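Asks: take a look and give me a structure for this.
(chains A and B)
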Amino acid sequence: GQNIDQPTEMTATEGAIVQINCTYQTSGFNGLFWYQQHAGEAPTFLSYNVLDGLEEKGRFSSFLSRSKGYSYLLLKELQMKDSASYLCAHQNFVFGPGTRLSVLP
Amino acid sequence: DSGVTQTPKHLITATGQRVTLRCSPRSGDLSVYWYQQSLDQGLQFLIQYYNGEERAKGNILERFSAQQFPDLHSELNLSSLELGDSALYFCASSPRDIRGTNTGELFFGEGSRLTVL
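Replies: As a prediction, the model looks like this:
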């Protein structure tokens, strides 16, 4: 089967750091993607992990542990515009339910 | 702009009707994916085509069908529409096949918002 779990909602304060977790089960694995989706808009690509470890990209970093079926997206120096849903997806492009992040002033 | 074009942007129709949603992938991309996103729900994978061939099928209803044409554009046909079919339908493209070792990121169109009354 291909199951992906994420927290439904998270709230954080502007300027803070937030970690969004994603756990997955899949019969085949070729990488884990993170996408950002603002309400009513198209998802946009954030990051891709195929090997264990941390990938850093500016304010956003993503971590993967294949043995644990676990990934997280780390957002630093949060800005109001980061309020959005964050979706993890594994290589077969099955998406998790998404985590709605609200950034408060 | 992702380079993926979807039409129409908005569509309102009645139950029992049939509609066709159209998608033009990014130039050079051979794979097209269709997703359904109901209000406040996640992206539900429907179907994927690669260079004209169906390659993967997700939770697509029998009332729905799709195809990819030789020019690589794709159409999603929704028939016998029900109220629950109201959703945002996204098309995405990528350069490689879903069965490859690295399909690459997906580039999403702006979506077609379908309202069934």
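
Asks: just checking, A:F93 touches B:I47?
Replies: No - contact criterion Cβ atoms under 8 Å: A:F93 and B:I47 do not qualify, at 11.1 Å. For every residue, glycine as well, the C-beta is placed using N, CA and C.

Asks: which residues sit against the strand or helix carrying B:Q48?
Replies: Per DSSP states H and E: B:Q48 is located in strand B:44-50. Residues outside strand B:44-50 that contact it (Cβ atoms under 8 Å, 6 or more residues apart in numbering or on different chains): A:93-95, B:30-38, B:54-60, B:64, B:66-68, B:74, B:76, B:97-98.

Asks: again, but for stretch A:48-65
Replies: A:30-34, A:46-47, A:66-67, A:70-77, B:102, B:105.

Asks: same for the worst-scoring helix or strand of chain A on mean pLDDT, what does it pack against?
Replies: Least confident helix or strand of chain A, by mean pLDDT, DSSP states H and E, is strand A:94-95 with a mean of 87. Packing partners of strand A:94-95 (3 or more Cβ pairs under 8 Å, 6 or more residues apart in numbering or on different chains; DSSP states H and E): strand A:84-90, strand B:44-50.

Asks: correct me if wrong, but A:V103 is in a strand.
Replies: Yes - according to DSSP: H, G, I helix; E, B strand; the rest coil, A:V103 belongs to a strand.

Asks: that one against A:A12, yeah?
Replies: Yes - A:V103 lies in contact with A:A12 (Cβ under 8 Å); the separation is 5.8 Å.

Asks: between the two, which contacts overlap?
Replies: Residues touching both A:V103 and A:A12 (Cβ under 8 Å, 6+ apart) are A:L78.

Asks: near chain A, which residues of chain B?
Replies: Residues of chain B found near chain A (Cβ under 8 Å from any Cβ of the partner chain) are B:2, B:33, B:35, B:41-45, B:48, B:56, B:58, B:88, B:90, B:92, B:98, B:100-103, B:105-111.

Asks: which among the residues you listed end up buried?
Replies: Neighbour-count burial (16 or more other Cβ atoms under 10 Å in any protein chain shown) applied to the residues of chain B next to chain A gives B:2, B:33, B:35, B:42-45, B:48, B:56, B:58, B:88, B:90, B:92, B:98, B:103, B:105-111.

Asks: among the residues you listed, which ones are in strands?
Replies: Using DSSP state E, the members of those that fall within strands are B:33, B:35, B:44-45, B:48, B:56, B:88, B:90, B:92, B:107-108.
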